[in-house]
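Visitor: Any chance you could fold what I've pasted below:
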Amino acid sequence: MNNWNGKPYHSLDYMLRERFGEKVYKVTLNGGMSCPNRDGTIGHGGCIFCSEGGSGDFAASAALSITRQIDSQIEMLSAKRPIHKYIAYFQAYTNTYAPVPYLERIFTEAISHPGIVALSIGTRPDCLGEDVIELLSRLNKRKPVWVELGLQTIHESTAAYIRRGYPLSCFEDALCRLRKAGLEVVVHTILGLPGENREDMLATMDYLSACDIQGIKLQLLHVLKGTDLAYDYLAGKFKVLERDQYIDLVIDCLEHLDSSIVIHRVTGDGPKDLLIAPLWASRKREVLNLLHHRLKERQSFQGKARKEA
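Guide: Below is the predicted model of the structure:
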């Protein structure tokens, strides 16, 4: 069994300390972009679970320059604790959905900031043209660049329900091209999507373990106000996971994931003013403490199921 600084899984905090020599924090940025799944290019309204903020509800204001966004968040974070290194995380909407000269300007501004040690870009696999990947590859020579892809699930029926807007083959193509260019890839998945059972979600984990990915986010399904998902939930079309269900599911997922994959997230806390369900998700520290306790109880660790197979 591996031990990642006392945790039974390959945590992001462990990786960052190993790589940069100390704790590193993210500053969430808004590049002022939209999404092809909102503006009519692919669809309208976005993915069924996506809020008006484009999953960037904690990001800084797009009205500020990138430097000012970074400085304002550093000022807020460093007031609580001594921090010296940060990751610039472009989170809201689709952060490669813009002309390349604009992307080059804002991404270069971000990595040029002295406090920034890496660049993380949330996007869709169908918004990664060769010119975009070439730009990211060049920036990666200056500071590490991670591309975060919102896959959510490998199952096409679920993808259709959530209006993801692209087939699994599109993800596979983008992943291949990103890795060929030397870029690290983090994949977003959602646990508890309507219609999926434990076996479906573990199939997604097994698939991703066989892929050349460097990180994964395990995100609890949040029902947020104003989303089409909320209408289905309030109409009684599906139920959200209970806390104990989710914790056992996360542990099952960790056991199915290769030990080399960095775990960037094991839960998530939606904006409290928007969260309809599950309300227990807002108590993030409590959830994490219970998860670590349950991991010990089950004598579990990342990759355990793969080792036993």
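Visitor: In contact with Glu109, which residues?
Guide: Glu109 makes contact with 65-67, according to Cβ atoms under 8 Å, 6 or more residues apart in numbering. Any C-beta I mention is one placed from the backbone N, CA and C, and that applies to glycine too.
Visitor: Look up the pLDDT of His264 for me, please.
Guide: As predicted, His264 sits at a pLDDT of 97.
Visitor: Now do the buried residues in the host helix or strand of Ala174.
Guide: For Ala174, the host element (DSSP states H and E) is helix 168-180. Buried residues in helix 168-180, counted by 16 or more other Cβ atoms under 10 Å: 168, 170-171, 174-175, 177-179.
Visitor: now those in JSON lines, with pLDDT and distance to Lys272?
Guide: Shown next, in JSON lines, are these (pLDDT from 0 to 100; distance: Cβ to Cβ, whole Å):
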{"residue": "Leu168", "pLDDT": "98", "distance to Lys272": "34"}
{"residue": "Cys170", "pLDDT": "98", "distance to Lys272": "34"}
{"residue": "Phe171", "pLDDT": "98", "distance to Lys272": "32"}
{"residue": "Ala174", "pLDDT": "98", "distance to Lys272": "34"}
{"residue": "Leu175", "pLDDT": "98", "distance to Lys272": "34"}
{"residue": "Arg177", "pLDDT": "98", "distance to Lys272": "38"}
{"residue": "Leu178", "pLDDT": "98", "distance to Lys272": "34"}
{"residue": "Arg179", "pLDDT": "98", "distance to Lys272": "37"}
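Visitor: quick one: which of those is nearest His113?
Guide: Checking the buried residues of helix 168-180 against His113 with Cβ to Cβ, the nearest one is Leu178 at 23.9 Å.
Visitor: give the contact list for the closest one.
Guide: Contacts of Leu178 by Cβ under 8 Å, 6+ apart are 128, 133, 136, 147, 185.
Visitor: Who wins on neighbours among the residues you listed?
Guide: The most crowded member of those, judged by other Cβ atoms under 10 Å, is Val147 (28 neighbours).
Visitor: what kind of secondary structure is that residue in?
Guide: strand (DSSP: H, G, I helix; E, B strand; the rest coil).
Visitor: pretty sure it is touching Glu184, no?
Guide: Yes - the pair Val147 and Glu184 qualifies as a contact (Cβ atoms under 8 Å) at a distance of 7.2 Å.
Visitor: that older thread, sheet-wise, list the partners of the helix or strand that comes right after the helix holding Ala174 with their directions.
Guide: Using DSSP H and E, the helix or strand that follows helix 168-180 in sequence is strand 184-191. If you go by DSSP bridges, strand 184-191 pairs up with strand 145-152 (parallel), strand 215-220 (parallel).
Visitor: Provide the contact partners of the first one at residue level.
Guide: So that's strand 145-152. 47, 55, 118-125, 128, 136-137, 139, 158-159, 162, 164, 171, 174-175, 178, 183-190, 193, 204, 208, 214-215, 217.
Visitor: Run the angle between it and helix 168-180 for me.
Guide: 170 degrees (axes from the mean of the first three to the mean of the last three Cα atoms, to 10 degrees).
Visitor: Could you do the last one as well?
Guide: Comparing the axes of strand 215-220 and helix 168-180 via the same axes, to 10 degrees yields an angle of 140 degrees.
Visitor: on that earlier part again, specify the stretch among the strands paired with strand 184-191 that is closest to Leu12.
Guide: Of the strands paired with strand 184-191, nearest to Leu12 by Cβ to Cβ is strand 215-220, at 7.3 Å.
Visitor: so where is the protein shaky, pLDDT-wise?
Guide: 1, 53-59, 308-309 (pLDDT under 70).
Visitor: quick one, helices of it?
Guide: 12-20, 66-78, 100-111, 130-140, 156-161, 168-180, 198-209, 228-234, 243-256, 284-297, 304-308 (DSSP state H).
Visitor: which helices and strands sit right next to the fourth one?
Guide: When contacts are defined as 3 or more Cβ pairs under 8 Å, 6 or more residues apart in numbering; DSSP states H and E, helix 130-140 sits against helix 100-111, strand 145-152, helix 168-180.
Visitor: Great, nothing more from me.
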